[in-house]
Structure formats: C-alpha cells, structure tokens
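Q: Need a 3D model of the following:
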Amino acid sequence: MFTFSFGSAMATTYTLDDYATALTAEKTAQLGYINSVKTQYVNSLTYDDDGFATVNGTKYMKAALEAAADEVIADADKAMKAAIDSILNSFEDTTTAPD
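A: Next comes the predicted model:
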C-alpha cells in the first residue's frame, strides 16, 4: 500500500523569525539551566558561623560566590547573543529547520 501526503511533499520554508524564536528560546533554556546549577552548587556548600564556605582551601562568602557565578553567566549570555546575532545577520530563508 502506498500513501502520499501532499503536505509532506512540499518543503517548509523557515524564516528569520522562525530562527530568531528558536535560537532565543534555546538561549533562555540554557541560561535557566546554568542558573539552576549555580543555585544548586552555592546551596550545596557548608557555611561556617561567619557565612564563609571553604572551596579548595580558600574561604568565600556566599554572596561573593553568587556574584562571581553571575558574572560568568552574564558573559555566557553575551556570547550566546553574539552567536545568535551572527546567524541572524547572515540569514536567508531556508528549508533547514532551526536547531
């Protein structure tokens, strides 16, 4: 038996908006994951009575660990945005789905 779907025979064209939406959603998901890992790590440490945790022999305040992680996350956000902008700036409609 042979079946034919007319819709599947026609190539879908993906636009700049499709790519922008997909890539921005992926960036948001990745940043959410990274922030979750940051929170889990910082909260997994044991803090002394003065509010310091010892990491690899050095004492850090919880706020300092969170601030340092936030800087790294901000840098990752900027890098992802630059990568997305690069893709979108050279974009032409395509039949390749955004990934």
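
Q: contacts and neighbour counts: CA atoms only from here.
A: Will do.

Q: For Glu71, give its distance to Leu65.
A: Distance, Glu71 to Leu65, by CA to CA, to the nearest Å: 10 Å.

Q: Those two: which is more packed in?
A: Leu65 (15 against 11; other CA atoms under 10 Å).

Q: For whichever helix or strand the more buried one is part of, list every residue counted as buried.
A: Per DSSP states H and E, Leu65 falls inside helix 62-89. Within helix 62-89, the residues scored as buried using 16 or more other CA atoms under 10 Å are Lys62, Glu66, Ala69, Ile73, Ala76, Asp77, Met80, Ile84, Leu88.

Q: and which of the residues you listed is nearest to Thr12?
A: Checking these against Thr12 with CA to CA, the nearest one is Leu88 at 18.5 Å.

Q: Next up, the contacts around that closest one.
A: Leu88 is in contact with Leu16, Tyr19, Ala20, counting by CA atoms under 8 Å, 6 or more residues apart in numbering.

Q: Distance to Asp50 and pLDDT for the buried residues of helix 62-89 - can I get that in a markdown table?
A: Shown next, in a markdown table, are these (distance: CA to CA, whole Å; pLDDT from 0 to 100):
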| residue | distance to Asp50 | pLDDT |
| --- | --- | --- |
| Lys62 | 10 | 94 |
| Glu66 | 17 | 96 |
| Ala69 | 21 | 96 |
| Ile73 | 27 | 97 |
| Ala76 | 31 | 97 |
| Asp77 | 33 | 97 |
| Met80 | 37 | 95 |
| Ile84 | 43 | 93 |
| Leu88 | 49 | 89 |
